[in-house]
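[1] Provided below are the primary sequence and the corresponding predicted coordinates.
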Amino acid sequence: MRILLVSQMYPGPDDPDLGTFVADLERGLAERGHELARAVVDRRGGRSRHVSLARDVLSVARRFRPDVVYAHFLVPAGLLAVLGARAPAVLTAHGQDVENARRSRVVRAATRLALRRAAGVVAVSDWLRDRLETAVPEARGRVEVIDCGVDLDRFTPADPAEARTELGWHSDGTAFLCAGALSERKNVVRLADAFARRGEGSLVFVGDGPLRPQLEGRAGVVIAGPVHHVQVARWMQAADVVCQPSLVEPFGLATLEAMACARSVVSTNVGGPPEFVPPGAGVLVDPEDEAALVAGLASAATLPRPNEAARAAAGRHDVRDRVARIEVVLERAASGAPAAASAPRRAG
């Protein structure tokens, strides 16, 4: 197939970590023999980036003549795909796009238009599918759940002591890690408060954001700052427990990546993680309950190291399997066959 990839998030020279999951899926499709062209935004900020995306969708589609369009995020990328590409389009919802549709009448109307014209719709979790179908009735019965998966060759088990030595990370006790933006949604201040109440080990934050000043200078807490996505695996390998107690995670890729490294996890019970974190792989917590988070850190610290149950659970989300499933959806759309009805919600 000739596939036009449209995304408002894609790795670029100044933002190599932006939308890496989109690039991984693109690479997988190319490895399966498909020809791809892209119209993407590879930087953050600036209203002009969406104008540029619209222009690129039109020009690349005219030149490339795709059989199908594979769009990430419903609005604006998905809307631009269905309006400008002149080919059947499969749209993927990732989270904030659905929340925007829930909050804004204008975005909701744009999302409805995009979904009415889409040949297929994908959500990255059952939780997100339910949110989308509640917000936009046009989605009901049409949404297939296919998560982004994890690269099991990149995120692998390794000796944590060796990794910590390489990274210069010293920990007297359990080594906790949190990877992601230092933002309110990621719940990083409450995590740091819970870690302080535990009073043991070290906590490294890999990432940056507006809440950094509230984390700096705390005992046992280290701010590693932003690192390239290819280095994230090494930081996870250096940890004993990886934490993602976000207020909400539509999927929870960092949790899955940590599990692929055979690391126990402490993750939010709001969103996608309950769908792939089984007992023994980690602990799910109410992200707004600091006492529960303290208990979660303590419980996760007692789990096996390495955690083979976590690695086995992550193995069921191999990105190559996800690419194969996406391929089926794209081929169906390109052929004009009806979209598959959404399956019942998975239990647990």
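    On my side now, so go ahead.

[2] Quick check: pLDDT value at D15.
    D15 is assigned 84 on the pLDDT scale.

[3] How are the strands of the protein distributed by residue range?
    With DSSP state E as the criterion, the chain has strands at 2-7, 35-40, 68-72, 89-93, 120-123, 143-145, 175-179, 202-206, 221-225, 241-244, 264-268, 282-285.

[4] what angle do the fourth one and strand 2-7 make?
    Think strand 89-93. 30 degrees (axes from the mean of the first three to the mean of the last three CA atoms, to 10 degrees).

[5] orientation of strand 89-93 relative to strand 68-72 in degrees?
    Using the same axes, to 10 degrees: strand 89-93 against strand 68-72 is 10 degrees.

[6] I'd like the strands of the chain as a markdown table, with distance to T156 and mean pLDDT appended.
    In short, each C-beta sits where N, CA and C put it, glycine included. Converted to a markdown table, the strands of the chain look like this (distance: least, CB to CB, whole Å; pLDDT from 0 to 100):
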| stretch | distance to T156 | mean pLDDT |
| --- | --- | --- |
| strand 2-7 | 27 | 98 |
| strand 35-40 | 27 | 98 |
| strand 68-72 | 26 | 98 |
| strand 89-93 | 26 | 98 |
| strand 120-123 | 27 | 98 |
| strand 143-145 | 26 | 97 |
| strand 175-179 | 16 | 98 |
| strand 202-206 | 18 | 98 |
| strand 221-225 | 20 | 96 |
| strand 241-244 | 14 | 98 |
| strand 264-268 | 16 | 98 |
| strand 282-285 | 18 | 98 |
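
[7] Pull the contacting residues for the residue positioned nearest the centre of the chain.
    Taking CA atoms, centre = their mean, the centroid of the chain lies closest to L253, which sits 4.1 Å from it. L253 sits next to F21, C148, V150 when contact means CB atoms under 8 Å, 6 or more residues apart in numbering.

[8] Check the spacing between the second one and G28 real quick.
    Okay, so that is C148. 10 Å (CB to CB, to the nearest Å).

[9] Between the two, which contacts overlap?
    Counting by CB under 8 Å, 6+ apart, the shared contacts of C148 and G28 are V319, R322.

[10] hmm, back to that, rebuild the strands of the chain as a markdown table, extending it with distance to V232 and mean neighbour count.
    Below are the strands of the chain laid out as a markdown table (distance: least, CB to CB, whole Å; neighbours: other CB atoms under 10 Å):
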| stretch | distance to V232 | mean neighbour count |
| --- | --- | --- |
| strand 2-7 | 20 | 24 |
| strand 35-40 | 21 | 19 |
| strand 68-72 | 20 | 28 |
| strand 89-93 | 22 | 28 |
| strand 120-123 | 24 | 26 |
| strand 143-145 | 25 | 22 |
| strand 175-179 | 6 | 26 |
| strand 202-206 | 7 | 24 |
| strand 221-225 | 10 | 16 |
| strand 241-244 | 10 | 29 |
| strand 264-268 | 14 | 30 |
| strand 282-285 | 18 | 26 |
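
[11] Need those strands in CSV (columns: distance to R164).
    Formatted as CSV, those follow (distance: least, CB to CB, whole Å):
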stretch, distance to R164
strand 2-7, 35
strand 35-40, 36
strand 68-72, 35
strand 89-93, 36
strand 120-123, 37
strand 143-145, 37
strand 175-179, 7
strand 202-206, 9
strand 221-225, 11
strand 241-244, 13
strand 264-268, 16
strand 282-285, 20
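
[12] ok, so what distance separates the closest residue in space to R38 that isn't next to it in sequence from V68?
    Once flanking residues are discounted, R38 sits nearest to L5: 4.3 Å by CB to CB, 6 or more residues apart in numbering. For L5, the distance to V68 equals 10 Å [CB to CB].

[13] ditto for H170
    51 Å.

[14] about what we covered before: filter the contacts of L253 down to the ones in helices?
    Per DSSP state H, helices hold the following members of those: F21.

[15] E331 against R2, yeah?
    No. Contact criterion CB atoms under 8 Å: E331 and R2 do not qualify, at 12.0 Å.

[16] what do the two both touch?
    Counting by CB under 8 Å, 6+ apart, the residues touching both E331 and R2 are V68.

[17] ok, the nearest residue to S125 once chain neighbours are set aside to V124 distance?
    Nearest non-adjacent residue to S125, counting by CB to CB, 6+ apart: G272, 3.5 Å away. Distance from G272 to V124, counting by CB to CB: 7 Å.

[18] Determine the residues that are contacts of both of the two.
    What both G272 and V124 touch, as defined by CB under 8 Å, 6+ apart, is the set D147, P250, F251.

[19] Going by distance to A110, which of the residues you listed wins?
    P250 (19.1 Å; CB to CB).

[20] Not counting sequence-adjacent ones, nearest residue to that closest one?
    Using CB to CB, 6+ apart and skipping residues adjacent in sequence, the residue nearest P250 is G95, 3.0 Å away.

[21] Surely the one you found is in contact with V124?
    Yes. The pair formed by G95 and V124 meets the contact definition of CB under 8 Å, at 7.3 Å.

[22] What's the end-to-end length of stretch 56-71?
    Stretch 56-71 stretches 13 Å from its first residue to its last (CA to CA, to the nearest Å).

[23] repeat for stretch 165-183
    28 Å.
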